[in-house]
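Q: can you look at this prediction? I've put the sequence above it.
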Number of protein chains: 2
Amino acid sequence: MTNSMDSPPSRPKAAGKRQRLMAATARVLHEQGVERTTIADIARAADVPAGNVYYYFKTKDELVEAALSEHTKNLEALTGRLDQLPDPRERLKGLVNAWVGQRDITARYGCPTGTLAVELDKRTESGLDVAAGHAIRRLLDWVEQQYRQMGMADPEGLALTFVGAYQGMSLLSNALRDPEIMTREGARLVRELDGLA
Amino acid sequence: MTNSMDSPPSRPKAAGKRQRLMAATARVLHEQGVERTTIADIARAADVPAGNVYYYFKTKDELVEAALSEHTKNLEALTGRLDQLPDPRERLKGLVNAWVGQRDITARYGCPTGTLAVELDKRTESGLDVAAGHAIRRLLDWVEQQYRQMGMADPEGLALTFVGAYQGMSLLSNALRDPEIMTREGARLVRELDGLA
DNA sequence: GTCTATAGGGGGATAGAC
DNA sequence: GTCTATCCCCCTATAGAC
């Protein structure tokens, strides 16, 4: 998971630090929020000198974009692994299990993409106010495919309900600081998947 | 809805402006977010001279608290009206209808309390990081009472699912800028309420 | 009670040395 | 490519005139 810095970057000394910065940004923005995170915070977390950050990212908005693409990458790694499972129903249950496995982090900081969506919605000047929506759209599409392969009617509506349930339980779990909400609602989602035609 | 300024305030000239400030703060914080809203923004929206705000609220955090109590007040006015209905099931359906009626505002700015909860979670220094959770807890309790009166098993779990669905559909509707998500998911919630034992 | 002016601190971004 | 110093704007909060 942590980089060993000996894999040759695309440009001489650059890519190692760039990658560290992206990962650190994703983590720190999740924990502290976009508005309350300073460039110095990110530099410290990535163990990069403060002034050097601007060599890799010209503006704070570019860092936000990088964080979003990190979350997207992580999500696609997860769905990619789940795609190995033969049964679409098991894939959805695997997704729920992954969510529940993150319950402590979610209870403390919320869903990474969901909280980012809420914050970016207010950043109207940059073009990023709907950027998180695209990441969510991808998840919605993947879930819809699973329902479709299960032969369900209205796969789009089911996906909306499914992802909505995740965002809702994440927000409640975070607002009430209670990881058990993730466990309870996760169990309900699995039960419903098993009960479907 | 708008104040007529002739009702005698508790202290001479004070209460009228104080009330205007509270209402304006609730609205502007919802639209712009806590971190991106300045005292000047609030003063302008309330039509109060900028420097005068600090006479009524000593800090920005007090304004945030005021906004939260406005949302709480509005929610209790709504549940108070719904309490007039004889049937708890109809009360819950009335709540869903109220939510769907707000779909355009929700698609643009999210649920007022939910987005506030996400933002306040990051404001750890002030004691307000869990304050929005209390408002949500009240809603959960009220919903739970309705399920209890309907004689349902596990009213607490049902309330969690119900309010979670609202928060989830609000976040998705906002992230995707699509009010129809509120309509679709609202219709589903009503359908499920009608289908319950 | 009302309002202006400004102190004071912080943070995004840049210039330019190395 | 790396890093320091710093500019400059903005925002919270206060002092104090009216």
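A: Sure thing, it's come through. Everything quoted here is computed from the prediction, not taken from an experiment.
Q: ends of stretch A:170-181, how far apart?
A: Stretch A:170-181 has an end-to-end distance of 8 Å (C-alpha to C-alpha, to the nearest Å).
Q: now do the contacts for the closest residue to A:M150 other than its chain neighbours.
A: Among residues not flanking A:M150 along the chain, A:P88 sits closest, at 5.1 Å (C-beta to C-beta, 6 or more residues apart in numbering or on different chains). Glycine gets a C-beta too; all of them are placed from N, C-alpha and C. A:P88 makes contact with A:Q145, A:Q146, A:Y147, A:Q149, A:M150 under the criterion C-beta atoms under 8 Å, 6 or more residues apart in numbering or on different chains.
Q: tell me the pLDDT of A:P88.
A: The confidence metric pLDDT takes the value 98 at A:P88.
Q: and the gap between it and DNA strand D?
A: Distance from A:P88 to DNA strand D, counting by C-beta to the nearest atom of the strand, to the nearest Å: 44 Å.
Q: one step back: just the buried ones from the contacts of A:P88?
A: Buried subset of those (neighbour count, 16 or more other C-beta atoms under 10 Å in any protein chain shown): A:Q145, A:Q146, A:Y147, A:M150.
Q: near DNA strand C, which residues of chain A?
A: Proximity of chain A to DNA strand C, by C-beta under 7 Å from any atom of the strand, involves residues A:T37, A:T38, A:I39, A:A40, A:G51, A:Y54, A:K58, A:T59, A:K60, A:D61.
Q: may I have the phi/psi pair for the second one?
A: Main-chain torsions, A:T38, degrees, to the nearest 10: phi -100, psi 160.
Q: what is the burial count for it?
A: A:T38 has 13 neighbours, counted by other C-beta atoms under 10 Å in any protein chain shown.
Q: try the fifth one
A: For A:G51, the number of neighbouring residues by other C-beta under 10 Å comes to 10.
Q: how near is it to A:G16?
A: Distance of A:G51 to A:G16, computed by C-beta to C-beta, to the nearest Å: 18 Å.
Q: helix, strand, or coil at A:L116?
A: Per DSSP: H, G, I helix; E, B strand; the rest coil, the secondary structure class of A:L116 is helix.
Q: is it true that it touches A:S69?
A: No. Using C-beta atoms under 8 Å as the test, A:L116 is too far from A:S69 to be in contact (11.4 Å).
Q: more neighbours: which of those two?
A: It is A:L116, of A:L116 and A:S69, that has more neighbours when counted by other C-beta under 10 Å, with 27 against 14.
Q: could you list every helix and strand in contact with the lengthiest helix in chain A?
A: In chain A, taking DSSP state H as the definition, the longest helix is helix A:60-82. Applying 3 or more C-beta pairs under 8 Å, 6 or more residues apart in numbering or on different chains; DSSP states H and E, one finds that helix A:60-82 contacts helix A:14-32, helix A:39-46, helix A:88-101, helix A:112-121, helix A:131-149.
Q: redo that, cut-off 10 Å
A: For helix A:60-82, the packing partners by 3 or more C-beta pairs under 10 Å, 6 or more residues apart in numbering or on different chains; DSSP states H and E come out as helix A:14-32, helix A:39-46, helix A:53-56, helix A:88-101, helix A:112-121, helix A:131-149.
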